[in-house]
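Visitor: Got a predicted model here, sequence first, then my questions.
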Amino acid sequence: MRWSKVHLEAIAYELPQERIESASLERRLAPVYDALRLNVGQLEALTGIRERRYWPPDPVMSDVAARAGRKALDASGVRPEDIGAVIYGGVCRDNLEPATACAVAETLGVSEEAVIFDVSNACLGMLNGVVDIANRIELGQIRAGIVVGAESAREIVDQTIDRLLGQPTLDELRLCLATLTGGSAAAAIVLTDASISDTEHRLLGGAIQSAPRHHRLCRWGPTHGLLGDGPQRADTDSSAALTGGVELAERTWGAFLSELKWRSQDVDKVVCHQVGSGNRRALLPTLGIAEDRDFVSFPTLGNTGSAALPITAALAAEQGFLAPGDRVGLLGIGSGLNCLMLGLQW
(Lines give C-alpha, C1' and ligand atoms only; values in the text may rest on other atoms or scores of the structure.)
Protein backbone atom coordinates (compact mmCIF):
# COMPACT_ATOMS: atom_id res chain seq x y z
CA MET A 1 0.00 0.00 0.00
CA ARG A 2 1.29 3.44 -0.93
CA TRP A 3 -0.40 6.85 -0.70
CA SER A 4 0.82 10.14 -2.12
CA LYS A 5 -1.70 12.71 -0.87
CA VAL A 6 -2.99 11.52 2.51
CA HIS A 7 -2.24 13.53 5.65
CA LEU A 8 -2.89 12.60 9.25
CA GLU A 9 -4.55 15.80 10.39
CA ALA A 10 -5.29 15.05 14.05
CA ILE A 11 -5.44 12.29 16.67
CA ALA A 12 -7.50 12.78 19.83
CA TYR A 13 -8.64 10.65 22.74
CA GLU A 14 -11.05 10.51 25.65
CA LEU A 15 -10.11 8.78 28.91
CA PRO A 16 -12.35 7.79 31.83
CA GLN A 17 -11.67 9.39 35.20
CA GLU A 18 -11.80 6.20 37.29
CA ARG A 19 -8.41 4.58 37.78
CA ILE A 20 -8.20 0.89 38.67
CA GLU A 21 -4.90 -0.36 40.03
CA SER A 22 -3.72 -3.90 39.36
CA ALA A 23 -3.44 -4.26 43.13
CA SER A 24 -7.17 -3.60 43.52
CA LEU A 25 -8.01 -6.40 41.06
CA GLU A 26 -5.72 -8.71 43.00
CA ARG A 27 -7.52 -7.88 46.23
CA ARG A 28 -10.74 -9.09 44.61
CA LEU A 29 -8.87 -12.21 43.49
CA ALA A 30 -7.45 -12.92 46.97
CA PRO A 31 -9.28 -16.29 47.36
CA VAL A 32 -7.86 -17.39 44.00
CA TYR A 33 -4.34 -16.32 44.97
CA ASP A 34 -4.67 -18.11 48.29
CA ALA A 35 -5.92 -21.30 46.66
CA LEU A 36 -3.06 -21.28 44.13
CA ARG A 37 -0.43 -20.06 46.64
CA LEU A 38 0.41 -17.02 44.52
CA ASN A 39 2.06 -13.88 45.83
CA VAL A 40 0.34 -10.52 45.48
CA GLY A 41 1.86 -8.40 42.73
CA GLN A 42 1.84 -11.08 40.04
CA LEU A 43 -0.44 -9.16 37.68
CA GLU A 44 1.77 -6.08 37.48
CA ALA A 45 4.96 -8.16 37.48
CA LEU A 46 3.81 -10.25 34.52
CA THR A 47 2.29 -7.44 32.45
CA GLY A 48 3.96 -4.19 33.53
CA ILE A 49 0.50 -2.65 33.97
CA ARG A 50 0.08 -0.63 37.17
CA GLU A 51 -3.40 0.70 36.45
CA ARG A 52 -6.07 1.13 33.82
CA ARG A 53 -9.21 3.28 33.43
CA TYR A 54 -12.91 2.34 33.54
CA TRP A 55 -15.95 4.22 32.27
CA PRO A 56 -18.86 4.55 34.69
CA PRO A 57 -21.19 1.53 34.51
CA ASP A 58 -23.29 1.12 31.34
CA PRO A 59 -21.33 3.40 29.01
CA VAL A 60 -22.68 4.25 25.56
CA MET A 61 -19.85 3.59 23.14
CA SER A 62 -21.06 6.03 20.51
CA ASP A 63 -21.19 8.83 23.09
CA VAL A 64 -17.61 8.45 24.29
CA ALA A 65 -16.36 7.85 20.75
CA ALA A 66 -18.09 11.04 19.63
CA ARG A 67 -16.35 12.99 22.40
CA ALA A 68 -13.00 11.89 21.02
CA GLY A 69 -14.25 12.61 17.51
CA ARG A 70 -15.23 16.15 18.44
CA LYS A 71 -11.77 16.77 19.91
CA ALA A 72 -10.12 15.47 16.74
CA LEU A 73 -12.29 17.63 14.48
CA ASP A 74 -11.63 20.70 16.59
CA ALA A 75 -7.88 20.05 16.49
CA SER A 76 -7.91 19.46 12.74
CA GLY A 77 -9.98 22.47 11.78
CA VAL A 78 -12.02 20.25 9.41
CA ARG A 79 -15.70 21.10 9.40
CA PRO A 80 -18.11 18.22 10.11
CA GLU A 81 -19.91 18.89 6.82
CA ASP A 82 -16.62 18.28 4.96
CA ILE A 83 -16.21 14.77 6.38
CA GLY A 84 -16.79 12.21 3.64
CA ALA A 85 -16.53 9.04 5.76
CA VAL A 86 -17.14 8.06 9.38
CA ILE A 87 -15.83 4.64 10.42
CA TYR A 88 -16.23 3.15 13.89
CA GLY A 89 -13.51 0.58 14.60
CA GLY A 90 -14.03 -0.43 18.24
CA VAL A 91 -14.52 -3.98 19.46
CA CYS A 92 -17.24 -2.71 21.83
CA ARG A 93 -20.31 -1.48 19.96
CA ASP A 94 -23.73 -0.27 21.05
CA ASN A 95 -25.75 -2.89 19.16
CA LEU A 96 -25.46 -5.59 16.51
CA GLU A 97 -27.21 -3.05 14.30
CA PRO A 98 -27.31 -0.30 13.26
CA ALA A 99 -23.66 0.65 12.92
CA THR A 100 -22.38 2.51 15.98
CA ALA A 101 -20.82 4.91 13.48
CA CYS A 102 -24.32 6.18 12.64
CA ALA A 103 -24.84 7.53 16.15
CA VAL A 104 -21.36 9.08 16.13
CA ALA A 105 -22.03 10.72 12.76
CA GLU A 106 -25.29 12.21 14.00
CA THR A 107 -23.63 13.60 17.13
CA LEU A 108 -20.78 15.12 15.12
CA GLY A 109 -23.17 16.60 12.55
CA VAL A 110 -21.49 15.20 9.44
CA SER A 111 -23.01 15.44 5.98
CA GLU A 112 -25.72 12.97 5.02
CA GLU A 113 -23.63 12.22 1.93
CA ALA A 114 -20.88 10.68 4.08
CA VAL A 115 -20.08 6.96 4.01
CA ILE A 116 -20.86 5.58 7.49
CA PHE A 117 -20.14 2.10 8.80
CA ASP A 118 -18.40 -0.07 11.43
CA VAL A 119 -15.28 -2.19 11.05
CA SER A 120 -14.75 -5.15 13.37
CA ASN A 121 -11.27 -6.66 13.51
CA ALA A 122 -10.24 -6.99 17.15
CA CYS A 123 -7.52 -4.51 18.10
CA LEU A 124 -6.88 -3.57 14.45
CA GLY A 125 -10.32 -2.09 13.77
CA MET A 126 -9.29 1.57 13.91
CA LEU A 127 -6.16 1.03 11.80
CA ASN A 128 -8.25 -0.83 9.23
CA GLY A 129 -10.50 2.22 9.18
CA VAL A 130 -7.48 4.43 8.53
CA VAL A 131 -6.55 2.31 5.50
CA ASP A 132 -10.09 2.51 4.11
CA ILE A 133 -10.26 6.29 4.43
CA ALA A 134 -6.74 6.72 3.05
CA ASN A 135 -7.73 4.71 -0.02
CA ARG A 136 -10.85 6.84 -0.53
CA ILE A 137 -8.79 10.04 -0.28
CA GLU A 138 -6.13 8.71 -2.67
CA LEU A 139 -8.83 7.77 -5.20
CA GLY A 140 -10.34 11.26 -4.98
CA GLN A 141 -13.65 9.99 -3.59
CA ILE A 142 -13.49 12.11 -0.43
CA ARG A 143 -11.28 14.90 0.90
CA ALA A 144 -11.53 14.10 4.61
CA GLY A 145 -12.65 11.27 6.87
CA ILE A 146 -12.67 10.31 10.52
CA VAL A 147 -12.09 6.99 12.29
CA VAL A 148 -13.38 6.60 15.83
CA GLY A 149 -13.39 3.79 18.35
CA ALA A 150 -14.18 3.13 21.99
CA GLU A 151 -13.60 0.23 24.35
CA SER A 152 -14.96 -0.72 27.76
CA ALA A 153 -13.20 -3.27 29.97
CA ARG A 154 -15.13 -3.10 33.26
CA GLU A 155 -17.85 -5.54 32.25
CA ILE A 156 -15.70 -8.38 30.93
CA VAL A 157 -13.14 -7.98 33.75
CA ASP A 158 -15.91 -8.21 36.37
CA GLN A 159 -17.26 -11.38 34.73
CA THR A 160 -13.75 -12.81 34.47
CA ILE A 161 -13.08 -12.24 38.18
CA ASP A 162 -16.37 -13.98 39.04
CA ARG A 163 -15.34 -16.86 36.79
CA LEU A 164 -11.97 -17.21 38.50
CA LEU A 165 -13.53 -17.11 41.95
CA GLY A 166 -15.74 -20.02 40.87
CA GLN A 167 -12.89 -21.93 39.20
CA PRO A 168 -9.63 -21.06 40.98
CA THR A 169 -7.24 -23.13 38.85
CA LEU A 170 -3.95 -22.28 37.19
CA ASP A 171 -5.36 -23.16 33.78
CA GLU A 172 -8.27 -20.74 34.20
CA LEU A 173 -5.92 -18.02 35.39
CA ARG A 174 -3.68 -18.60 32.38
CA LEU A 175 -6.62 -18.13 30.01
CA CYS A 176 -7.85 -15.04 31.88
CA LEU A 177 -4.60 -13.14 32.40
CA ALA A 178 -4.84 -11.10 29.18
CA THR A 179 -8.42 -10.07 29.99
CA LEU A 180 -7.31 -8.62 33.33
CA THR A 181 -5.04 -6.17 31.46
CA GLY A 182 -7.98 -4.50 29.74
CA GLY A 183 -8.63 -0.78 30.04
CA SER A 184 -11.29 1.63 28.75
CA ALA A 185 -10.76 4.55 26.37
CA ALA A 186 -11.90 6.22 23.15
CA ALA A 187 -9.90 7.64 20.25
CA ALA A 188 -10.37 9.39 16.91
CA ILE A 189 -8.21 10.05 13.85
CA VAL A 190 -8.88 12.64 11.14
CA LEU A 191 -7.31 12.12 7.71
CA THR A 192 -7.36 14.67 4.89
CA ASP A 193 -6.29 15.23 1.33
CA ALA A 194 -3.00 17.13 1.10
CA SER A 195 -4.77 19.98 -0.70
CA ILE A 196 -6.69 20.94 2.44
CA SER A 197 -4.18 19.87 5.08
CA ASP A 198 -2.70 22.17 7.71
CA THR A 199 -0.07 19.65 8.86
CA GLU A 200 3.07 18.03 7.50
CA HIS A 201 2.12 14.61 8.87
CA ARG A 202 1.99 12.43 5.74
CA LEU A 203 0.62 8.89 5.73
CA LEU A 204 2.93 7.16 3.28
CA GLY A 205 1.83 3.54 3.12
CA GLY A 206 2.07 0.22 4.86
CA ALA A 207 1.75 -3.54 4.78
CA ILE A 208 -0.73 -6.15 5.96
CA GLN A 209 -0.04 -9.80 6.75
CA SER A 210 -2.17 -12.47 8.44
CA ALA A 211 -1.97 -15.86 10.13
CA PRO A 212 -5.60 -17.04 10.36
CA ARG A 213 -4.53 -20.49 11.56
CA HIS A 214 -4.18 -18.78 14.95
CA HIS A 215 -7.77 -17.52 15.13
CA ARG A 216 -8.59 -19.87 18.04
CA LEU A 217 -5.96 -18.38 20.37
CA CYS A 218 -8.09 -15.45 21.53
CA ARG A 219 -11.87 -15.25 21.87
CA TRP A 220 -14.25 -12.76 23.46
CA GLY A 221 -18.01 -13.11 23.30
CA PRO A 222 -21.07 -14.92 24.65
CA THR A 223 -20.39 -18.49 25.67
CA HIS A 224 -22.84 -19.89 23.10
CA GLY A 225 -22.13 -17.71 20.09
CA LEU A 226 -22.98 -14.13 19.29
CA LEU A 227 -26.73 -14.67 19.59
CA GLY A 228 -26.55 -17.02 22.56
CA ASP A 229 -27.70 -16.39 26.11
CA GLY A 230 -25.52 -16.28 29.18
CA PRO A 231 -22.44 -14.38 30.30
CA GLN A 232 -19.58 -13.38 28.07
CA ARG A 233 -16.26 -15.19 28.18
CA ALA A 234 -12.80 -14.03 27.16
CA ASP A 235 -10.04 -16.61 26.73
CA THR A 236 -6.50 -15.98 25.51
CA ASP A 237 -3.68 -18.46 25.18
CA SER A 238 -1.17 -15.71 25.92
CA SER A 239 1.95 -17.79 25.38
CA ALA A 240 0.89 -19.15 21.99
CA ALA A 241 -0.49 -15.74 20.95
CA LEU A 242 2.85 -14.12 21.83
CA THR A 243 4.84 -16.66 19.82
CA GLY A 244 2.53 -16.49 16.81
CA GLY A 245 2.19 -12.73 17.05
CA VAL A 246 5.93 -12.06 17.09
CA GLU A 247 6.43 -14.39 14.11
CA LEU A 248 3.70 -12.58 12.21
CA ALA A 249 5.05 -9.16 13.19
CA GLU A 250 8.52 -10.11 11.95
CA ARG A 251 7.07 -11.14 8.58
CA THR A 252 4.98 -7.97 8.37
CA TRP A 253 7.96 -5.79 9.34
CA GLY A 254 9.88 -7.14 6.39
CA ALA A 255 6.99 -6.45 4.03
CA PHE A 256 6.52 -2.99 5.56
CA LEU A 257 10.15 -1.96 5.06
CA SER A 258 10.14 -3.33 1.53
CA GLU A 259 6.94 -1.47 0.60
CA LEU A 260 8.20 1.88 1.89
CA LYS A 261 11.77 1.25 0.69
CA TRP A 262 13.05 1.85 4.22
CA ARG A 263 15.71 0.05 6.22
CA SER A 264 15.16 -0.76 9.87
CA GLN A 265 17.53 2.02 10.90
CA ASP A 266 15.52 4.50 8.81
CA VAL A 267 12.56 4.20 11.20
CA ASP A 268 13.11 6.89 13.80
CA LYS A 269 10.20 6.08 16.13
CA VAL A 270 7.58 3.37 16.53
CA VAL A 271 4.24 3.15 18.29
CA CYS A 272 3.02 -0.40 18.86
CA HIS A 273 -0.25 -1.90 19.98
CA GLN A 274 -0.18 -1.81 23.78
CA VAL A 275 -0.33 -5.35 25.18
CA GLY A 276 2.17 -5.39 28.04
CA SER A 277 5.81 -5.63 29.02
CA GLY A 278 6.25 -9.27 28.00
CA ASN A 279 5.15 -8.61 24.44
CA ARG A 280 7.36 -5.55 24.21
CA ARG A 281 10.42 -7.46 25.42
CA ALA A 282 9.83 -10.14 22.80
CA LEU A 283 8.84 -7.91 19.88
CA LEU A 284 11.36 -5.06 19.82
CA PRO A 285 14.55 -7.17 19.71
CA THR A 286 13.03 -9.40 17.03
CA LEU A 287 12.45 -6.35 14.83
CA GLY A 288 15.79 -4.78 15.73
CA ILE A 289 14.17 -1.76 17.41
CA ALA A 290 15.82 -0.15 20.44
CA GLU A 291 13.52 0.59 23.38
CA ASP A 292 14.29 4.31 23.20
CA ARG A 293 12.64 4.43 19.75
CA ASP A 294 9.36 3.06 21.16
CA PHE A 295 6.69 4.94 23.13
CA VAL A 296 4.41 3.09 25.56
CA SER A 297 1.19 3.81 27.47
CA PHE A 298 0.28 0.38 28.81
CA PRO A 299 1.71 0.91 32.35
CA THR A 300 -1.05 3.41 33.14
CA LEU A 301 -3.75 2.64 30.56
CA GLY A 302 -3.54 -1.13 30.10
CA ASN A 303 -4.66 -2.67 26.83
CA THR A 304 -7.41 -0.45 25.43
CA GLY A 305 -8.02 -2.59 22.36
CA SER A 306 -8.50 -0.78 19.07
CA ALA A 307 -7.99 2.60 20.77
CA ALA A 308 -4.60 1.67 22.26
CA LEU A 309 -2.31 2.51 19.35
CA PRO A 310 -4.04 5.79 18.37
CA ILE A 311 -4.03 7.01 21.97
CA THR A 312 -0.37 6.11 22.40
CA ALA A 313 0.50 7.96 19.19
CA ALA A 314 -1.41 11.00 20.43
CA LEU A 315 0.42 10.93 23.76
CA ALA A 316 3.75 10.51 21.97
CA ALA A 317 2.99 13.64 19.94
CA GLU A 318 1.81 15.62 22.99
CA GLN A 319 4.96 14.78 24.94
CA GLY A 320 7.31 15.67 22.10
CA PHE A 321 8.47 12.11 21.46
CA LEU A 322 7.52 12.48 17.79
CA ALA A 323 9.66 15.18 16.18
CA PRO A 324 9.10 16.96 12.86
CA GLY A 325 10.51 14.90 10.02
CA ASP A 326 10.56 11.63 11.97
CA ARG A 327 9.82 8.46 10.06
CA VAL A 328 7.28 6.73 12.28
CA GLY A 329 6.01 3.17 12.22
CA LEU A 330 2.55 2.40 13.62
CA LEU A 331 2.76 -1.31 14.37
CA GLY A 332 -0.64 -2.89 14.96
CA ILE A 333 -1.62 -6.48 15.66
CA GLY A 334 -4.90 -8.10 16.56
CA SER A 335 -6.25 -11.51 17.43
CA GLY A 336 -7.05 -13.59 14.42
CA LEU A 337 -4.04 -13.15 13.91
CA ASN A 338 -3.73 -10.04 11.74
CA CYS A 339 -0.93 -7.49 11.54
CA LEU A 340 -0.99 -4.03 9.96
CA MET A 341 1.94 -1.60 9.92
CA LEU A 342 1.65 1.97 8.66
CA GLY A 343 4.41 4.47 7.90
CA LEU A 344 4.20 8.18 8.64
CA GLN A 345 6.44 11.13 7.84
CA TRP A 346 5.79 13.23 10.93
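Guide: Great, that's in hand.
Visitor: which ones are touching the most centrally placed residue in the chain?
Guide: For the chain, the residue sitting closest to the mean C-alpha position, by Cα atoms, centre = their mean, is residue 306 at 2.5 Å. Residues near residue 306 by Cβ atoms under 8 Å, 6 or more residues apart in numbering: 89-91, 122-127, 149, 151, 187, 334. In short, each C-beta sits where N, CA and C put it, glycine included.
Visitor: So which of those is the closest to residue 20?
Guide: residue 151 (14.1 Å; Cβ to Cβ).
Visitor: Report pLDDT for that closest one.
Guide: With respect to pLDDT, residue 151 scores 98.
Visitor: From residue 79, how far off is the spatially closest residue to it that is not a sequence neighbour?
Guide: The shortest distance from residue 151 to any residue other than its chain neighbours is 4.0 Å, reached at residue 305 (Cβ to Cβ, 6 or more residues apart in numbering). When distance is defined by Cβ to Cβ, to the nearest Å, residue 305 is 29 Å away from residue 79.
Visitor: for the top helix by length along the chain, packing partners?
Guide: Of all the segments assigned as helix in the chain under DSSP state H, the longest by residue count is helix 238-260. Counting contacts by 3 or more Cβ pairs under 8 Å, 6 or more residues apart in numbering; DSSP states H and E, helix 238-260 packs against strand 202-210, helix 277-287, strand 327-334, strand 338-345.
Visitor: Give me the residue ranges of the stretch 51-200 of the chain where confidence is low.
Guide: Of all residues in the stretch 51-200 of the chain, none has pLDDT under 70.
Visitor: Which stretches in it count as helices?
Guide: According to DSSP state H, counting those that start in this stretch, the stretch 51-200 of the chain carries its helices in the segments 61-76, 100-108, 125-138, 154-166, 170-176.
Visitor: hang on, isn't residue 182 packed against residue 301?
Guide: No - with contact defined as Cβ atoms under 8 Å, residue 182 does not count as touching residue 301 (10.2 Å).
Visitor: list residues touching both of these two?
Guide: By Cβ under 8 Å, 6+ apart, the residues touching both residue 182 and residue 301 are residue 52.
Visitor: before we move on, the earlier item: residue 295 is nearest to which of the helices of the stretch 51-200 of the chain?
Guide: helix 125-138 (16.3 Å).
Visitor: wait, isn't residue 335 in contact with residue 212?
Guide: No - contact criterion Cβ under 8 Å: residue 335 and residue 212 do not qualify, at 10.7 Å.
Visitor: quick one, which of the two is more surrounded?
Guide: Shown here are residue 335 and residue 212; by other Cβ atoms under 10 Å, residue 335 has more neighbours (22 against 9).
Visitor: State the phi and psi torsions of that one.
Guide: Residue 335 adopts backbone torsions of phi -60, psi 150, taken as degrees, to the nearest 10.
Visitor: Contact partners for the residue nearest to residue 151?
Guide: 90, 91, 92, 122, 123, 149, 151, 182.
Visitor: Chain neighbours aside, what residue packs nearest to the first one?
Guide: Which is residue 90. Nearest non-adjacent residue to residue 90 (Cβ to Cβ, 6+ apart): residue 149, at 3.7 Å.
Visitor: so what's the one you found up against?
Guide: Residue 149 sits in contact with 65, 88-90, 125-126, 129, 186-188, 305-307, 310, where contact means Cβ under 8 Å, 6+ apart.
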